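*Asks:* 3D model of this:
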Amino acid sequence: MDKEKILEAARSMLGREYKFGAKWPLDNLDPEGPIDCSGFVRWCFAVGGKKIPDGSYEQYRASRELNNIRGERPNPCDLGFFLRQGVAHHVGILEDDYWVLEARGKPYERVIRRPRAKWEAFHEFSGWRRIDA
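*Replies:* Numbering: from 1, shown residues only. Predicted coordinates for the structure are as follows:
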C-alpha cells in the first residue's frame, strides 16, 4: 500500500461532485462523474494498491482502532468515521496533522479538505482507525 499515491489520488479529486451511492471504477485513474464518501475512499486506496470494501460500514469493520496504550497515533491515510447509533455513515481520509480529505454531502456536495480539528470535535466522530498494509 503506497500512502503517498493514496493521498495524491485524493488531492487530485478535490472539487469533484458528490452524490450518495455513486462509485468510480477502481481501475480508472481519471474517473468522471460524482462520487460518495466510501466510494472516494475505496478508489483512493485502490490507486495506492490496497483493495478495501465498499460502504462506510464495511470500511469501518475492515479497519482497526488505534491502540493508544501501544503509542499508536493517527497517521496520514488513517480513516475517520462518523457513527450514528453505532453504525458508520461517513468516512474521510486523514491527510496530515491538520486536514481530512472527504467526499461530503450537504452543504458542500463536493470532494473537500476540512480541518482535522472540526472532524475530531464533531459529536459523531468515532476516532481514527487504520487499514493495515
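*Asks:* Pick out the residue nearest the middle of the protein.
*Replies:* Centroid-nearest residue in the chain, with Cα atoms, centre = their mean: residue 92, separated by 2.8 Å.
*Asks:* The residue nearest to it when sequence neighbours are not counted sits in which helix or strand?
*Replies:* Once flanking residues are discounted, residue 92 sits nearest to residue 102: 3.4 Å by Cβ to Cβ, 6 or more residues apart in numbering. C-betas here are computed from N, CA, C, even on glycine. Secondary structure from DSSP states H and E places residue 102 in strand 99-104.
*Asks:* With residue 119 instead?
*Replies:* Using DSSP H and E, residue 119 sits within helix 116-121.
*Asks:* So what does residue 91 have for phi and psi?
*Replies:* Phi and psi for residue 91, reported as degrees, to the nearest 10, are phi -140, psi 150.
*Asks:* what's the spacing between it and residue 70?
*Replies:* 24 Å (Cβ to Cβ, to the nearest Å).
*Asks:* More neighbours: which of these two?
*Replies:* Higher neighbour count among residue 91 and residue 70: residue 91, with 27 against 6, using other Cβ atoms under 10 Å.
*Asks:* residues in contact with that one?
*Replies:* 37, 38, 41, 56, 59, 60, 79, 80, 81, 82, 102 (Cβ atoms under 8 Å, 6 or more residues apart in numbering).
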